Structures are given as structure tokens and as C-alpha cells.
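>>> Predicted coordinates and the sequence they were generated for:
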Amino acid sequence: MYKVFVNNTPIILSTKKTIEGYKTIPVKEVDFPKIIRDILAKEGGDKEPKYHFYHKTEGKLLEHLYAKLPVVLAGGGKVYNAKKEILFIHRNGKWDLPKGKAEKKEDMQTTAIREVEEETGVNGLEVTKFLYKTYHVFKRNREFRLKVTYWFEMKTDYDGELVPQKNEGIMKVKWKDKKKTKKALLDSYANIKLLFSHDYLS
């Protein structure tokens, strides 16, 4: 099963023929831009639309999804320092984790490290493991696109200045302990919350 977020509204992709409470559409037949517009128009209302895209073969779900919208690949980091604090950025009024678009022929791990360094000023990064892929829809040049972000857990002993990349709209960079992380996640994105355990979300 996969979740594709339109803002904070998830679209479910799965091999189940039906999911209770969701409108099921075979993924091959999906008019994705139309569904995105429907979600955005009704977001925050009493009856937010719930969509489920179906295919009997799991491998075909993403194959068909990727054919529906232009795909942008990105890499990001969930970074811990020596105090086990987590690195956050503040952009567009939300707490987020550093991430960004892959450059041509760049592997995702390299992208993730570069973007963390550029967006926060933190260096000395070491990838400890791959975490997860998240999927969300955004709009650029009047066209909907699908961003697929590869997330990596990282660690660093860096204790220097944090430098927000202002030209990318980042206003603050902060290390946050568990208590402050839980508070930040209340004002974050649903796809970012997927990277945290229930201990942080409860």
C-alpha cells in the first residue's frame, strides 16, 4: 500500500478491491489532475473526498501512477546530532525536514546529503540507513507534479551555526529534542509524520 498526499489528504494505492469509506478507482482509469482539483476544492470541508486507486498487482500501482503526472525525484534527511536532537527547517509556515530535488545523474543518497547541507549549513553528515519514500503532489508552472522523496536517517557531530537557506524560503533551522519535536509535528505535514514513530505522534 502507498499513500500519495495532496496537501494533507492521502490518496491510497493498494491491491485491495475496496477500502471502507473510500471511492475505489482502477489506477489505469484515474484522471489524476481532476481528482487533485476535487480534493483541493473540498479540503477542510465536512465531506473531504477519499480516493483509493486499485490494481491487482502491487508493482503496477506506481508504474501507472508515474504515467499520470510528471515525476520529480528528491532526497531528504532525518538528521540526529550527538544529543539525539532532530534537525528541522521552517518554511511556508510549517516545520519540515530538509529535502530537495535531485540533480541530473545524482543518486538519492548524494542528493539528500547535499540538500541538508545547503538548506541548513550542517555538515559532517553520515547516512545510517534508508527510511522511507514519500509521495506528494505539488503545482509548478500551472502543472501538477508528483514528488517522490527518498528519506535517509543521518547523524552528525556538527555543533556549529545553523544557516537557513533564505533563497529557498527557509526562515529557521532548529535542533529539537523529543518534546520540541512532538510540538513541531503538530504544525508539520502528514507525509513528514510518516517518518516518526507513534512515540512522537501520541
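Looks like it came in fine.
>>> Now for the protein: which helix has the highest residue count?
helix 108-120 (DSSP state H).
>>> Which SSE is immediately downstream of it?
strand 126-140 (DSSP states H and E).
>>> Give me the mean pLDDT for stretch 160-176.
What stretch 160-176 shows for mean pLDDT is 96.
>>> Could you check how far that stretch is from the centre of its chain?
18 Å (Cα atoms, centre = their mean, to the nearest Å).
>>> now swap in stretch 110-127 and tell me
For stretch 110-127, the distance to the chain centre is 17 Å (Cα atoms, centre = their mean).
>>> then that stretch to CSV, C-alphas only?
Output of stretch 110-127 as CSV, limited to C-alpha atoms (Å, rounded to 0.1, in the frame of the first residue of the first chain):
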residue,chain,number,x,y,z
THR,A,110,24.1,12.2,-2.5
THR,A,111,21.0,14.4,-3.1
ALA,A,112,19.9,14.0,0.5
ILE,A,113,23.3,14.9,2.0
ARG,A,114,23.7,17.9,-0.4
GLU,A,115,20.3,19.3,0.3
VAL,A,116,20.7,19.0,4.1
GLU,A,117,24.0,20.9,3.8
GLU,A,118,22.6,23.6,1.5
GLU,A,119,19.4,24.2,3.4
THR,A,120,20.8,24.1,7.0
GLY,A,121,24.5,24.7,7.0
VAL,A,122,25.1,21.4,8.8
ASN,A,123,27.9,19.2,7.6
GLY,A,124,29.8,16.1,8.6
LEU,A,125,26.7,14.0,7.7
GLU,A,126,26.8,10.3,7.8
VAL,A,127,23.9,8.2,6.4
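>>> related to what we said a few turns ago, and the longest helix of the chain, which residues are buried?
108, 111, 112, 113, 114, 115, 116, 117, 118, 119, 120 (16 or more other Cβ atoms under 10 Å). Just so you know, the C-beta spots here come from the backbone N, C-alpha and C atoms, and that holds for glycine as well.
>>> now the strands: where do they sit in this structure?
Counting by DSSP state E, the chain has strands at residues 2-6, 9-14, 23-26, 51-54, 71-80, 86-91, 94-96, 99-101, 126-140, 143-155, 170-176.
>>> List just the nearest of the buried residues of helix 108-120 to residue 45.
For those, the closest approach to residue 45 (Cβ to Cβ) belongs to residue 119, at 33.9 Å.
>>> rewinding a little: a markdown table for the buried residues of helix 108-120, including pLDDT?
What follows is the buried residues of helix 108-120, written out as a markdown table (pLDDT from 0 to 100):
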| residue | pLDDT |
| --- | --- |
| 108 | 97 |
| 111 | 97 |
| 112 | 98 |
| 113 | 98 |
| 114 | 98 |
| 115 | 98 |
| 116 | 98 |
| 117 | 98 |
| 118 | 98 |
| 119 | 98 |
| 120 | 98 |
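>>> Show me what the longest helix of the chain is packed up against.
Here helix 108-120 touches strand 71-80, strand 86-91, strand 99-101, strand 126-140, strand 143-155, strand 170-176, going by 3 or more Cβ pairs under 8 Å, 6 or more residues apart in numbering; DSSP states H and E.
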